[in-house]
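> coords please:
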Amino acid sequence: MSGRRHGVSLALQCRAARLPEPEAEARFHPTRRWKFDYLFRGFGLAVEVQGGNFVRGRHVQGAALIQEYEKLNAAAALGYRIIFVTPRQVANGQALAAIEAALTPAALMTAIGAVRAIEAIQASVARDVELR
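Modelled structure (predicted):
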């Protein structure tokens, strides 16, 4: 659930705060049909709105939770940072505050550094495989 049903959408909140506007329901994986609720493409930042946590919704059911972990592990392997929020946090502004913190220059430099480190490790492993 992307938070659009919970008052002002996160995309509109971002626009009002003069932040980059995220894509809603955005596919991120090259071969799977997985989507993030919101994706700040180019910033490596995603937002997942976790509804139903207190009423035995999808995100707390065993089989669905395992599928969610598979998706999130794949996203982490691709270098995405993910913020998890509830619909209430979207409505009360806490989600927006978390996004603002993740989009600060220091946070972005850390994320860019991590992506470069992952790329360097992948290149090193590829070279090792070629040498064998």
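> before we move on, what SS does Tyr69 have?
Three-state call for Tyr69 (DSSP: H, G, I helix; E, B strand; the rest coil): helix.
> what pLDDT, on average, does stretch 113-129 get?
Mean pLDDT, computed over stretch 113-129, is 72.
> And stretch 24-43, by the same measure?
Mean pLDDT, stretch 24-43: 93.
> The protein: helices as residue ranges?
For the chain, helices defined by DSSP state H occupy the ranges 10-16, 62-77, 87-92, 94-102, 105-131.
> For the ones you listed, give me CSV that also has mean neighbour count and distance to Pro30.
For glycine as for every other residue, the C-beta is placed from the backbone atoms N, C-alpha and C. Below are the helices of the chain laid out as CSV (neighbours: other Cβ atoms under 10 Å; distance: least, Cβ to Cβ, whole Å):
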stretch, mean neighbour count, distance to Pro30
helix 10-16, 17, 24
helix 62-77, 13, 10
helix 87-92, 18, 28
helix 94-102, 17, 23
helix 105-131, 11, 15
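> In CSV, list those along with distance to Val49.
Formatted as CSV, the helices of the chain follow (distance: least, Cβ to Cβ, whole Å):
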stretch, distance to Val49
helix 10-16, 8
helix 62-77, 13
helix 87-92, 6
helix 94-102, 8
helix 105-131, 20
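> Trp34: which of the ones you listed is closest?
Nearest to Trp34 among the helices of the chain is helix 62-77 (4.7 Å), distances taken as Cβ to Cβ.
> Dump that closest one to CSV, restricted to CA.
The C-alpha atoms that make up helix 62-77 are tabulated as CSV, following Å, rounded to 0.1, in the frame of the first residue of the first chain:
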residue,chain,number,x,y,z
GLY,A,62,4.2,-16.1,7.3
ALA,A,63,4.2,-16.9,3.6
ALA,A,64,3.8,-13.2,2.6
LEU,A,65,6.5,-12.2,5.0
ILE,A,66,9.0,-14.7,3.4
GLN,A,67,8.2,-13.3,0.0
GLU,A,68,8.7,-9.8,1.3
TYR,A,69,12.1,-10.8,2.7
GLU,A,70,13.1,-12.2,-0.7
LYS,A,71,12.2,-8.9,-2.3
LEU,A,72,14.0,-6.8,0.3
ASN,A,73,17.1,-8.9,0.2
ALA,A,74,17.2,-8.5,-3.6
ALA,A,75,16.8,-4.8,-3.2
ALA,A,76,19.6,-4.6,-0.7
ALA,A,77,21.9,-6.6,-3.1
